[in-house]
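K.L.:
predicted structure and sequence below. I'll ask about it afterward.
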Amino acid sequence: MKRFTFLALALTLTGLFSTMIHAAEDSRVYELRIYTCNEGKLDALLTRFRDHTCKLFEKHGMGNVGYWVPVDEENGSKTTLIYVLEHKSREAAKASFKAFGADPEWQAAAKASEANGKILAKAPESIFMTPTEYSPPLTVAKGDKPRVFELRTYTTPEGKLNDLHARFSNHTMKLFSKHGMSHLAYWVPTDANKGAGTKLIYILSHASKEAGIASFTAFRADPDWIKAKGESEKNGPLTIQPQAEGVKSVYMKATDFSPIQ
C-alpha cells in the first residue's frame, strides 16, 4: 500500500512540476526592437552592442535571441539594427531595463560610444510579443550553412486575425516548408497600439535572398496555396489592402555577435 501511495505522490508532484514549467514558459514574452541610427553611426552602434550591450542585457536577466541588419538599403541596411530579446515576463522586462539603464558600465559605454556624436536618430521602436499556438519552439543557434532571414509583418482587417492564424496553422506553414523556407518563430503583439488583434509578426530563414524570392514565387503558384487562399478569403481578404500595406517584408543578415545566425 505504501508503495502505491508513494507512486501516486510522485506522479502528482511530477505533474505539478510540469505544470509549473509550462506556466513559466507561457509567461515569457519577446520584444522586437528596431533602432534607426544617424548616418554613418551604424558601425558604432554595432560595436557598442558587440562589446557591451549584449553582455549587460544578459547580466540583467534579458535573453539575447537574434540581431540583424537589413540587406537592402531601402530597408535601412546602413542605418538600422533589428533584434529580439526574451524576458521572463512583461514586469521582468521593465525591471531589467531599469537596472540596465542604471548600470555604471552601461552609462560609461554609452557615453564613450557617443563621444563623436549621437548614435540614434530617434527613440527605439519596441514591440512586445507572445508566440502563436502554432509557432515552433524557438531555436537560438547558428545554422549549419550561411542563411538570410526575413522579417514579415501582416496586418489584418478588424476581426480577421483568427482566420489568418487558421490558414497559417492548417496550410501556409506546411507549404512554406514544402517550398524550402524554414520557420524561426511566429508572434502576435501584446499591446493594442502595436497591433494586438490585427498583426502577425514572423521570421523565416532562406539560403539567400534570391532563394527566398524563388521560394515565394513557387509558393504563390502552388495549386494547394491558391485553393487555401481562395477558401479562406470568401468573405474578404485576410490582410489589409493594398497588399503592400498589409504585408511587409524585410530581408536581413545576422550580425557577427547574433546568437542566431
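P.N.:
Looks like it came in fine.

K.L.:
do a quick rundown of the strands in the stretch 1-150 of the chain.
P.N.:
Along the stretch 1-150 of the chain, the stretches classed as strands by DSSP state E, counting those that start in this stretch are 29-36, 63-70, 80-87, 125-131, 148-155.

K.L.:
average pLDDT across the shortest one?
P.N.:
Taken as a whole, strand 125-131 has a mean pLDDT of 98.

K.L.:
partner strands of that strand, with direction?
P.N.:
strand 29-36 (antiparallel), strand 182-189 (antiparallel) (DSSP bridges).

K.L.:
for beta bridges, what are the partners of the spatially closest residue to residue 65 that is not a sequence neighbour?
P.N.:
Spatial nearest neighbour of residue 65, chain neighbours left out: residue 84 (4.1 Å); criterion: C-beta to C-beta, 6 or more residues apart in numbering. The C-beta positions use only the backbone N, C-alpha and C, and glycine is treated the same way. With DSSP bridges as the criterion, residue 84 is bridged to residue 32, residue 66.

K.L.:
neighbours of residue 84, how many?
P.N.:
27 (other C-beta atoms under 10 Å).

K.L.:
wait, it sits on residue 66?
P.N.:
Yes - counting by C-beta atoms under 8 Å, residue 84 sits close enough to residue 66 to count as a contact (5.3 Å).

K.L.:
can I get the strands of the stretch 1-150 of the chain in JSON lines with distance to residue 45?
P.N.:
Output for the strands of the stretch 1-150 of the chain, formatted as JSON lines (distance: least, C-beta to C-beta, whole Å):
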{"stretch": "strand 29-36", "distance to residue 45": "6"}
{"stretch": "strand 63-70", "distance to residue 45": "10"}
{"stretch": "strand 80-87", "distance to residue 45": "6"}
{"stretch": "strand 125-131", "distance to residue 45": "14"}
{"stretch": "strand 148-155", "distance to residue 45": "18"}
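
K.L.:
quick one, which of those strands is nearest to residue 105?
P.N.:
strand 63-70 (16.5 Å; C-beta to C-beta).

K.L.:
residue contacts, residue 69?
P.N.:
42, 46, 76-77, 80-82, 252-253, 255 (C-beta atoms under 8 Å, 6 or more residues apart in numbering).
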